[in-house]
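K.L.:
I would like the atomic coordinates for the input below:
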Amino acid sequence: MGILSILNSKRKKLDFYSSEIQEQIEKILGKHSGTVLHSPVPFDMGFDMGGGADLYVYKNHIDGEVYLTADLIGKKQAKNSIGNYELMICHSETQDWGANLISKLSYYTLESSMNPGETMDLGGNFVLDDCGIKALVFSKYADFKVKGKKYGILLLVGITADELEWAKENSGDDLIEKLKEAGVYPKTDFKRKSIFNDKA
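P.N.:
From the prediction side, this is the model:
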């Protein structure tokens, strides 16, 4: 799994959120698969030390796999519109790329705000060869409250270069609606063509 290794972990079950937060997440994504993608260097060691967020895998929410970070709720993040949140990415099948991406991007949330409707150009850092995905658009997938505090799940969806340009000219929220109409959302599919390919 690249920087992450599969660990059927009992350790995380003890400290992965409070029971109330786990319950809310399971209402949204269903019960997790029991598989944790475990960063060899713990998140609290920091990005410069090679750390990354651990991830939980959910297999019953969509036709495919959902990866959700497991280290951000409870951390002090740069404020955004949905409260303290985790990052999520979805694929049609098991993939290293998305899991590794959100594991590393987790540190970015501690210093910079990531809001629904915003986009991020990957700038070649995470782009795969022969892959049409060049950027991300952020979407509020869910939000909830526990003991009066706001929490959320921020979905990252891979987009093509011309989809990114379209979002800049219109808006990320409008692009998300277009991705839904095209049946792309909520998954990141490396093999897909732009949703604007057949349009003038």
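
K.L.:
drop to CA atoms for contacts and neighbour counts, all remaining ones
P.N.:
OK.

K.L.:
tell me the secondary structure for the most centrally placed residue in the chain?
P.N.:
Note on the chain: the residue nearest the mean C-alpha position is Met88, at 2.5 Å, using Cα atoms, centre = their mean. On the three-state scheme (DSSP: H, G, I helix; E, B strand; the rest coil), Met88 is labelled strand.

K.L.:
May I ask you to confirm that it is in contact with Leu72?
P.N.:
No. Applying Cα atoms under 8 Å, one finds Met88 not in contact with Leu72, separated by 11.4 Å.

K.L.:
is it fair to say Lys31 lies in a strand?
P.N.:
No. Secondary structure of Lys31 (three-state DSSP): coil, not part of a strand.

K.L.:
Spatially, and excluding backbone neighbours, which residue is closest to it.
P.N.:
Tyr58 (7.0 Å; Cα to Cα, 6 or more residues apart in numbering).

K.L.:
give the contact list for the one you found.
P.N.:
By Cα atoms under 8 Å, 6 or more residues apart in numbering, Tyr58 lies in contact with Leu29, Gly30, Lys31, His32, Ser33, Glu65, Val66, Tyr67, Leu68.

K.L.:
from those residues, which single one is nearest Ile153?
P.N.:
Taking Cα to Cα as the measure, Ile153 lies nearest Leu68 of these, at 8.4 Å.
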